[in-house]
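> 3D model of this:
(chains A and B)
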Amino acid sequence: MNLWILAGVRTPFLRAGTQFAPLHATDLGRHAVAALLARTGIDPAELDEVILGCVGQPADAANVARVIALRAGVPQHVPAATVQRNCASGLEAITTAAERLAAGRGELFLVGGVESMSHAPLLFSDTAAKHFDKLGRAKTPLQKLAALARFRPRDFAPRVGLKLGLTDPFSGLMMGSTAETLAREFCISRDAQDLFAADSHRKALAADDARAREIATVHTGGEAVTADNGPRADSTPDKLAKLRPIFEPAWGTVTAGNSSQVSDGAVALLVGSEAAARRLGLTPLGRLTHYHYSGCDPARMGLGPVSAIAGAIARGAPSPVEADVVELNEAFAAQVLAVLKALRDPKAAALAGLTRAPGEISPEKLNRRGGAIALGHPVGATGSRLVLTALDQLHETGGTRALVTLCIGGGQGAALWLERP
Amino acid sequence: MPNLHLHRDVDRATLTFDREGSSANLFDSATLDELDRLLDELEAHPPADGLLIVSAKPSIFIAGADVKALANASPDELDEMIRLGQTVFDRIARLRVPTVAAIHGACAGGGFELALACDWRVASRDRATKIGLPEVQLGILPAWGGSTRLPRLLGLPKALDVILGAKLHAAESARRKGLVDAVVPQETLVAQAWQFAARGKRPQVFRPLLHSPPLRALIAGRARKAMLEKTRGNYPAPPKALHVVCSAAGSPVQAGFALERRAILELAPMAETKNLIRLFFLGEKAKKHQPVAAEAKPVGQVAVIGSGVMGSGIAHWLALRGHPVLLQDIDDAALARGMRAIESLLQQAVARHVVTRNEAMHALDRITAVREKVPLDRCDLVIEAAVENLAIKRNVFADLAARVRPDCLLATNTSALPVHELADVVPNPGRLFGLHFFNPVHRMPLVEVVRAERTSDPTVASAFALVRSLGKTPVLVKDRLGFLVNRILLPYLVEAGLMFQNGAVPKEIDDAMLDFGMPMGPLRLIDEVGLDVALHVAKTLAAAFPDRMTVPAVLEAMVAKQLLGKKTGAGFYTYQGRQPVPNPDAMALRPGHDSVPDGLPGRLADKMSEEAALCLEEGIAATGDDIDLAMILGTGYPPFRGGPLHHRNHPIPP
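This is a model prediction of the structure:
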């Protein structure tokens, strides 16, 4: 494969409802893209396409990638597309560019992902929508009064878009409940989950300076937002143990503390052919060598990485053992631990539907700068963040190969391999 | 020479203004005569569907009366011209068929008075379309029926706002004010105008209550009070216009015309009017004047270094005018403050309907704030607005020169440091110049373009073109201490400081200069600028001109006590309440006691005139006209006095 990652930058990831709450997805995306253009100094007119991942596209910015591109100063002749593969949308943007390149449809792409979970919508129920429609069509005052009289109090109870988005419509399960299923079936204890979560925070805090290299400051509301605000020094196993399970209050193990945080953020990457890199005089950060998307049981969507990694191996990718850096998205601690178990333990692998375990990931290579439990999971942006951080870690450690893998709501997995030149 | 063309199509007539050999349509006696003759034919054979008035020029409907002809007319000729205009426009108003002005482009003064004589006014939704009655700015008043017709159209209060405001309005704002009936896309202008003609003659509106004598007196009284607060009685035209509009609203049309005529004949010979008209021509000349014969280079992306008050102000203005801007600062907190300042400027502009919400968003999007040293090779110009410290500026320019293209223009926004002292750190110093914006950038119309010894002609030409594209007036100045405006202002400010030191009360000094016509008293101005900044500049100048200037010791004492002006809440005044109050702490620092200084305001004003004369001698600016215009645009020197040099030779007694 010939797709090179030439440069990348992201906004800080902030908990939803904090300093980025006034900013929309287009604002966040514009910041990331403008920062990337400023840092690389490239002429955006040379781009062949802008491709961004976004899960919940804003109602006022359909094809959010196009709006972001124009607002960031990309000239109008450069087309833009938004891609959606749920939690892997930020990866889908990169692999889409790889496919465009392979198909001879361009040499230089600006890709990435964006999500403002602060702006997840509140929706009216279908019956309320019907009543509003009737009201809109009413002409005479009497008709209007009649239309108004049809409303019932329950019509004004909003449906929370975020909750809908985090529920699998096929199995009817909340994402957290799928994690509970894995915790039960793979015997992942509450203690193990909390320990993993605390570790994510600890690693994130220790990597403050390293993460700063990934981040472009956002100046908003009179303040300079320079860093992620998810990692907490007080997220210790003891503290985490006190939290109540949210999905299964009676017997569950999945808490807000050992799940990924709901966040706002955006990532922008410049990718293209080797020739494009040479033309622009940019030193590539790394090359995309393999990737694979796989499907799995929607009710056990957290296992997605297992089948995706196995599928990538079947297409020539190395075993996870050979990775120097691994970024495995932390949707839920239970889900990550189940995946790790299935990768190393034949019995667990069998439970995940594989005939043999693909290979163990050693803990010191895994999510060295913390994961989504500490940093947050702005769903559309995460895939791109994992690639950005994995490449920077390869450069930091002198490693050669990185594996990026995610579970995907709806029952899919993604695995993507990168190589440092 | 025919300037007008009448075209008939069955029952429709179209009158096209197309002044020969000119890009603008103007009204002079010849054009009025021509229109007069065409009206014979229109009256004899009225076009049943109506008469449409349009312009053939791409960006001008009718720019107004020929100001040169007005200014040079003898009283009799002027009287004749006014009568002619009134008569001709009234013949249009009396046509039995519907009349519509289809306005695309500038429609000002006499041009709009013609439109007012029509039944309907339709304007194109285009940036070129500007509508209004700016006469009062020239020291006269609308006298071709405008002062009589506008109150009948809008009602007295709104008409007074428009005539005394003397502004040109964009199409949409003109529609909100009632100056035009509709705003439509340019392509549909003529078709839409005919739609209005189909409505017939405009029904007359009577306002028996609003225009009753007691209400008129009340409205006039309130308007007069607001006007005097602004003009302090220095300008003769606004009170005259106010009187005419208020009286005409309650008199027959012909009586209104007579009032207009008498007022303009009284105003035209006054010194204030002549000064304002001269200023108008100076401004027109400054819009076109090319100081060098070189070709200007287009400027796209600009980097602004430093995001303090000036840097963010410049970035805001550039972005609003379409330039992508990299706003760079070494401090993230300063960048955040700068971006916040830009956001609030844009919010204010949206609130005042100066820009749309969308334009504001685009302007903000064009600015990328960066702390990191990013590549600058896509920038055509870098404007440095870092702290006023030569060593720091030299470092900044040495670093910039290494990061930009060899042909990238390099400008410093210094207000006092010599530009040439940066030249040796820059390869190819022909591209280095000073670009001195005044604070606040979005409101001050003047920019000093500082030519250092080695600044090249193409650089000067590019700077002039850029400043003009930003909607500001450039003045070319030599690279001498304080350049032009600050150099002239400083001795005046220092003298005010000396008066204060000798015991004068701050308010007495400031009030005297307000009465003289300055927009702000000198001590208030020092408070705004900051005493530390003013002291620094004053010391630099005093060191250069020791025989002419001594820095008052009280300034040093105040700076030592942290009485730095508005930014610290106290300087010559304290700024706690709504109104600034003379600061007793500052007054206690001076040796003198409560003496009333002699010769105010002349003594202070003369300081400016003297320094201006020296600047002219030294060739800081090319001409005395440049200096007068720069002082009026850069400091608000009273326009009716014509500038410090004009004031020296033709003083108007205060």
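> so who does the residue lying closest to A:Phe332 once chain neighbours are set aside touch?
Spatial nearest neighbour of A:Phe332, excluding adjacent residues (C-beta to C-beta, 6 or more residues apart in numbering or on different chains): A:Ala179 at 3.7 Å. Heads up, the C-betas are built off the backbone N, CA and C, glycines and all. Shown in contact with A:Ala179 (C-beta atoms under 8 Å, 6 or more residues apart in numbering or on different chains): A:247, A:254, A:259, A:302, A:331-332, A:334-335.
> Closest to A:Ala372 out of those?
Among the contacts of A:Ala179, A:Ala331 lies closest to A:Ala372 (C-beta to C-beta), at 6.6 Å.
> In contact with the closest one, which residues?
A:87, A:175, A:179, A:259-260, A:302, A:372, A:377, A:406-407.
> got those as JSON lines, with distance to B:Asp625 and secondary structure columns?
What follows is these, written out as JSON lines (distance: C-beta to C-beta, whole Å; DSSP: H, G, I helix; E, B strand; the rest coil):
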{"residue": "A:Cys87", "distance to B:Asp625": "69", "secondary structure": "strand"}
{"residue": "A:Met175", "distance to B:Asp625": "74", "secondary structure": "helix"}
{"residue": "A:Ala179", "distance to B:Asp625": "79", "secondary structure": "helix"}
{"residue": "A:Ser259", "distance to B:Asp625": "73", "secondary structure": "strand"}
{"residue": "A:Ser260", "distance to B:Asp625": "69", "secondary structure": "coil"}
{"residue": "A:Gly302", "distance to B:Asp625": "79", "secondary structure": "helix"}
{"residue": "A:Ala372", "distance to B:Asp625": "68", "secondary structure": "helix"}
{"residue": "A:His377", "distance to B:Asp625": "66", "secondary structure": "coil"}
{"residue": "A:Leu406", "distance to B:Asp625": "71", "secondary structure": "strand"}
{"residue": "A:Cys407", "distance to B:Asp625": "75", "secondary structure": "strand"}
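> And the helix or strand containing A:Leu145, what does it pack against?
A:Leu145 is part of helix A:141-149, with elements assigned from DSSP states H and E. If contacts are counted by 3 or more C-beta pairs under 8 Å, 6 or more residues apart in numbering or on different chains; DSSP states H and E, helix A:141-149 sits against helix A:126-137.
> Would you mind pulling up the elements that the helix it packs on packs against?
Contacts defined by 3+ C-beta pairs under 8 Å, 6+ apart place helix A:126-137 against helix A:141-149.
> Just the C-alphas of the helix it packs on, formatted as CSV.
What follows is helix A:141-149 as a C-alpha-only set of coordinates in CSV (Å, rounded to 0.1, in the frame of the first residue of the first chain):
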residue,chain,number,x,y,z
PRO,A,141,-57.4,30.0,14.2
LEU,A,142,-59.9,27.2,14.9
GLN,A,143,-57.9,24.7,13.1
LYS,A,144,-54.8,25.9,15.0
LEU,A,145,-56.6,25.5,18.3
ALA,A,146,-57.7,22.0,17.3
ALA,A,147,-54.1,21.1,16.3
LEU,A,148,-52.8,22.4,19.5
ALA,A,149,-55.3,20.4,21.5
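> what comes into contact with it?
A:131, A:134-135, A:137-138.
> Narrow these to just the buried residues.
A:131, A:134-135 (16 or more other C-beta atoms under 10 Å in any protein chain shown).
> between those, which is nearest chain B?
Minimum distance to chain B across the buried ones among the contacts of helix A:141-149 is 28.2 Å, recorded for A:Leu135 (C-beta to the nearest C-beta).
> What number of residues are in the vicinity of whatever residue of chain A ends up closest to chain B?
Nearest residue of chain A to chain B (C-beta to the nearest C-beta) works out as A:Gly41 at 2.9 Å. When neighbours are defined as other C-beta atoms under 10 Å in any protein chain shown, A:Gly41 has 18 of them.
> likewise A:Lys242?
9.
> Now it: phi and psi?
phi -80, psi -10 (degrees, to the nearest 10).
> I'd like to know how far it sits from A:Gln261.
18 Å (C-beta to C-beta, to the nearest Å).
> just B:Ser23 next, same as before
For B:Ser23, the distance to A:Gln261 - C-beta to C-beta - is 63 Å.
> Now do stretch B:576-586: distance from first to last residue.
In stretch B:576-586, first residue to last residue: 15 Å (C-alpha to C-alpha, to the nearest Å).
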